[in-house]
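J.: sequence and computational prediction follow.
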Amino acid sequence: MLQPEGEVTPQTGAGDLQELLQRDVRIVRWFLEDRWGRRTKPNSTLGQLLATSEKLDLHSPAKSVESLDSEVARHHLHASAVLFRLAWAIRALHGSHAIDWVDGSFIDDEVLGEDTKETNVERKLPGGIGTLVFAGRLVQAGGGRIVSINGKGVRGHDIRWVTKFGDTVLVERKDRSYQAGLTDTSEKRVSRVIAEVRNAVLNMPREPGAGRVLVVGFQHLVRQHEAEGVDKTYEAGLKQAFGAGAVWLEDLPHVVVPEHLGFEPKTRGEKWDFFSPQPLNPEPWFMARVAPLLVKALGVSL
């Protein structure tokens, strides 16, 4: 199923919610089992989510969000979003035949794995969903092809994207696990972004003529009135860490993109997938040819 051209925000589309849910379950199973030949692990976080979704009757009376503990409700909202966001990404990538390869270890270890390696964690989500959604956004907005979504055998980047202009862009994504992020402060998130930039300096490949994009994901709601302040906080922290010759400019990723996906646990509560792209190495060719495609993919400005 093709996505509407230019649609970069994951959504289920119009129709009966029950039918859309079952459609999404079928799409995800097709992706895992038929297209890429992996075995869905019934005890995995995603496997359990698929099994539960197959049994859901959305036409039956249900508890209100307010009747649940707020943290339980918040986790349920994020888990529910996993399914439709993943199905949207699959439609974006495969509906237009815009992807060449997904490594099996990425599916086994990330999508069918968990967002944390810690034991005794109560609230978990599948890993790798943000990577697939970001790849879907890129081809929906910027055209071109996803040459590969990489697994454990490839160092320093998760996505290799060739734009419609023929430019190669390497994308590395690092996501904060759901439960660990619940106690994060603004200062901790800025420090994490700075740490991931330093890791990218060491680990992201430097290919002649290739763009380098680092995405750092958080499961945290930024409200509309907070957006400008969050942008400025990231800008100030990165400038302090990497400005004034603190590191060679060419060693830095061209841009780092903190992403906040958040849901307010209440009926018709606020939700937002917020991006705060911060140029670190604004080479003219990148800003002229790749940055506008990123702007379109994320619905933001640089």
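T.: Looks like it came in fine. Numbers count the residues shown, from 1 in each chain.

J.: run a quick neighbour tally on Glu207.
T.: Residues near Glu207, counting by other C-beta atoms under 10 Å, number 12. For the C-beta atoms, the positions are set from N, CA and C on the backbone; glycine is no exception.

J.: typed the wrong thing, it's Arg173
T.: 22.

J.: now it. Nearest residue, chain neighbours left out?
T.: Leaving aside its sequence neighbours, Arg173 sits nearest to Val215 (C-beta to C-beta, 6 or more residues apart in numbering; 4.4 Å).

J.: show the contacting residues for that neighbour.
T.: Listed by C-beta atoms under 8 Å, 6 or more residues apart in numbering, the contact set of Val215 reads Gly130, Phe134, Val171, Glu172, Arg173, Lys174, Val256, Val257, Pro258, Glu259.

J.: how about Val213?
T.: Val169, Leu170, Val171, Glu172, Pro253, His254, Val255, Val256, Val257, Leu294.

J.: at 6 Å what do you get?
T.: Val171, Val255 (C-beta atoms under 6 Å, 6 or more residues apart in numbering).

J.: so in this structure, which helix runs the longest?
T.: helix 70-94 (DSSP state H).

J.: tell me the buried residues in that one?
T.: 73-75, 77-94 (16 or more other C-beta atoms under 10 Å).

J.: what does that helix rub up against?
T.: Counting by C-beta under 6 Å, 6+ apart, 1, 3, 10, 12, 24, 27-28, 31, 53, 65, 99, 123, 126, 129, 132-133, 136, 140, 219, 263, 265 sit against helix 70-94.

J.: restricted to buried residues, select those in PyMOL.
T.: In PyMOL syntax, the buried subset of the contacts of helix 70-94 is picked out as below (16+ other C-beta under 10 Å):
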select buried, resi 3+10+24+27+28+31+53+65+99+123+126+129+132+133+136+140+219+263+265
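
J.: which ones among the contacts of helix 70-94 map onto strands?
T.: Mapping those onto strands (DSSP state E) picks out Phe263.

J.: would you mind measuring from the residue nearest to the spatial centre of the chain to Ile159?
T.: Nearest to the geometric centre of the chain sits Gly130, at 2.1 Å (C-alpha atoms, centre = their mean). Separation of Gly130 from Ile159 (C-beta to C-beta, to the nearest Å): 11 Å.

J.: about what we covered before: ok, and what's touching the helix or strand just after the longest helix of the chain?
T.: Note on helix 70-94: by DSSP states H and E, the next helix or strand toward the C-terminus is helix 104-106. Identification of contacts with helix 104-106 by C-beta under 6 Å, 6+ apart yields Ile149, Gly151, Lys152.

J.: so what's the second one scoring on pLDDT?
T.: It stands for Gly151. As predicted, Gly151 sits at a pLDDT of 96.

J.: give the contact list for it.
T.: Contacts of Gly151 by C-beta under 6 Å, 6+ apart are Asp103, Ser105, Phe106.

J.: and Trp36, by the same measure?
T.: Val102, Ile107.

J.: how about the helices in the stretch 1-150 of the chain?
T.: 17-29, 45-55, 70-94, 104-106, 129-142 (DSSP state H, counting those that start in this stretch).

J.: adding distance to Glu118 and mean pLDDT, write these out as CSV.
T.: Below are the helices of the stretch 1-150 of the chain laid out as CSV (distance: least, C-beta to C-beta, whole Å; pLDDT from 0 to 100):
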stretch, distance to Glu118, mean pLDDT
helix 17-29, 25, 96
helix 45-55, 13, 96
helix 70-94, 16, 95
helix 104-106, 20, 97
helix 129-142, 18, 94
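
J.: got the phi/psi numbers for Val215?
T.: The phi and psi torsions at Val215 (degrees, to the nearest 10) take the values phi -120, psi 130.
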